[in-house]
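**Q** the following block contains a protein sequence and its predicted model.
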Amino acid sequence: MTPTKEELIQFVLHECRLLDDCEYEQWLDLFLEDGMYWMPLDYQTEEEKLTTSLFYEDKLLLDTRIRRYAGDRTFSQQPKSRCQHLLQTPMVDSVDETKNEYKLYTPFQYVEYRLGETQTFSGWMRHTLSILDNKLKIKQKRIDLINSDAAHRSIQLFI
């Protein structure tokens, strides 16, 4: 399977829609077993393991967060937070079929709301996708906030 440009774009839009709809289990299924969710502190860094990050989570840690979020004893999420992604059209940066890598770049605004308080974040998402069993999967989702080095309140959900 070689995905079309439209299929790659629709994948990113669908991924964010799952988050907006609180479909976290389905969202997690979009990741490869070794997939990573990464939000570096420095938007210019390329070294993910030797730099400070706001988030650097593998699929196991993402699953742990999702289970904790869904639990009855998660008092910090009663009532639950809600979010919305506002995306520019994702742009296909590169296609490398020999490496099974498809890279996309998506400018975004993200709003998270809970108990009368709203947080807004802006930045860029960089998806690295691969095909596994004829399905697109997330190898890495990198989020670069425009103000990543600023002090932030707790980000409760997933950008």
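**A** Received, thanks. Just so we're clear, the structure is a prediction, and the values are computed from it rather than from any experiment.
**Q** for the rest of this, base every contact and every neighbour count on C-alpha atoms.
**A** Will do.
**Q** poorly predicted segments of the chain, please.
**A** Residue ranges of the chain with pLDDT under 70: 75-77.
**Q** can you give me the helices for it?
**A** Per DSSP state H, the chain carries helices over the ranges 5-20, 24-28, 59-70.
**Q** how far out from the middle of the chain is the first one?
**A** When C-alpha coordinates are averaged (CA atoms, centre = their mean, to the nearest Å), helix 5-20 and its chain have centres 11 Å apart.
**Q** in that helix, what's buried?
**A** 8-9, 11-13, 15-17, 19-20 (16 or more other CA atoms under 10 Å).
**Q** widest-spaced pair of those?
**A** 8 and 20 (19.0 Å; CA to CA).
**Q** mind listing what's buried in the lengthiest strand in the chain?
**A** Determined from DSSP state E, the single longest strand within the chain is strand 117-132. Within strand 117-132, the residues that qualify as buried are 121-131, counting by 16+ other CA under 10 Å.
**Q** which strands and helices lie in contact with it?
**A** Strand 117-132 sits against strand 101-114, strand 135-145, with contacts defined as 3 or more CA pairs under 8 Å, 6 or more residues apart in numbering; DSSP states H and E.
**Q** for residue 84, find the nearest of those strands.
**A** For the helices and strands packed on strand 117-132, proximity to residue 84 was assessed by CA to CA; strand 101-114 is nearest, at 5.3 Å.
**Q** and that closest one, what does it pack against?
**A** Partner elements for strand 101-114 (3+ CA pairs under 8 Å, 6+ apart): helix 5-20, strand 82-87, strand 91-96, strand 117-132.
**Q** identify the residues contacting the last one?
**A** The contact list for strand 117-132 (CA atoms under 8 Å, 6 or more residues apart in numbering) reads 1, 12, 100-113, 136-147.
**Q** quick one: end-to-end distance for stretch 92-100.
**A** Taking CA to CA, to the nearest Å, stretch 92-100 runs 14 Å from one end to the other.
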